[in-house]
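got a structure for you, letters missing:
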């Protein structure tokens, strides 16, 4: 690990490239939170004010990417070793106010900028970092999810340095504790799909907790009982009813249709005895990782590679049989 006394800086040319990238894709800035004392990484923060194109503040770190993160060997080909962070705040946010109810986004930009060095690790898309308690007294938000920048321009997400290194940009999106738990049990794509058209990248300290409204379910299998038993590549989100995940019934009917959301494996699992009224109530089902449902019923595993528009039902002997000429309901 690097010397703890070393401070990591971009050189002047790299700073120019970074500032030009921020100005081009996130907005011009004249104000900067300058870090006066830098124990390891020098982290300044560019403050991009609202304008006619963007009705929000954008804060972007300038310095985190001077440090080479310890990316796992299997991911080093993706050039993820350097990163900068950003967050978007409402236009009425008091960005210069040091009261914690205003300052915590700045604090967390600095915390996360140093996190890879202090923990000898790395940060990237989909990573979540808990605070352990709400960020401030006026909000219940208590964790961070890292996403791609809000910009629709793909070039906004990274820049190239003269030495060929890539600096990747990730946006901080605050989560509630229940959302953090859901993401850990599933994945970031499944969580983001729950937001649907209501997703807004700008921090809203009073936004709805998308998991809070759902009833607390007493799952048949506890979190510590879910083992990593399924080797699966690609989208892994699936729907399953509470008859399986709460009542503990085996899968009686499983089918695969067209995807409904990003990260959708397109598998649907029911016990087979649910009524139409039961199925129409969204509180009676949930989105899970395929590995989770495989833990509830390992009998499904041999059929998971089946193609789209296939269905299987248990017969009187408890064996899955393919439903011939099955088509999804309109």
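That came through fine. Since this is a predicted model, take the numbers as computed values, not measurements. Residues are numbered from 1 along each chain as shown.

any idea how far residue 29 is from residue 50?
Distance, residue 29 to residue 50, using CB to CB, to the nearest Å: 12 Å. C-beta here means a position set from N, CA and C on the backbone, and glycine is covered the same way.

any low-confidence regions in the stretch 101-250 of the chain?
For the stretch 101-250 of the chain, residues meeting the criterion pLDDT under 70 lie at 212-216.

Which stretches in it count as strands?
128-130, 143-147, 158-160, 166-175, 237-241 (DSSP state E, counting those that start in this stretch).

okay if I get those strands as JSON lines plus mean neighbour count?
Compiled in JSON lines, the strands of the stretch 101-250 of the chain are given as follows (neighbours: other CB atoms under 10 Å):
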{"stretch": "strand 128-130", "mean neighbour count": "15"}
{"stretch": "strand 143-147", "mean neighbour count": "21"}
{"stretch": "strand 158-160", "mean neighbour count": "17"}
{"stretch": "strand 166-175", "mean neighbour count": "22"}
{"stretch": "strand 237-241", "mean neighbour count": "23"}
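
if we can go back for a sec, have a look at residue 29 and residue 50 and say which one is more surrounded.
In this view residue 29 and residue 50 are compared by other CB atoms under 10 Å, and residue 29 has more residues nearby, 19 against 16.

quick check, residue 57 in a strand?
Yes - when classified by DSSP: H, G, I helix; E, B strand; the rest coil, residue 57 is found to be part of a strand.

List the contacts of the nearest residue to it once chain neighbours are set aside.
Spatial nearest neighbour of residue 57, excluding adjacent residues (CB to CB, 6 or more residues apart in numbering): residue 89 at 4.3 Å. By CB atoms under 8 Å, 6 or more residues apart in numbering, the contact list for residue 89 reads 56, 57, 58, 59, 95, 105, 202, 203.

quick one: residue 89 is in a helix?
No - going by three-state DSSP, the assignment for residue 89 is strand, not a helix.

circling back to that earlier point, and of the strands of the stretch 101-250 of the chain, who's closest to residue 314?
strand 237-241 (14.9 Å; CB to CB).

Could you check how far that closest one is from the centre of its chain?
Centre-to-centre, strand 237-241 and its host chain are 19 Å apart (CA atoms, centre = their mean, to the nearest Å).
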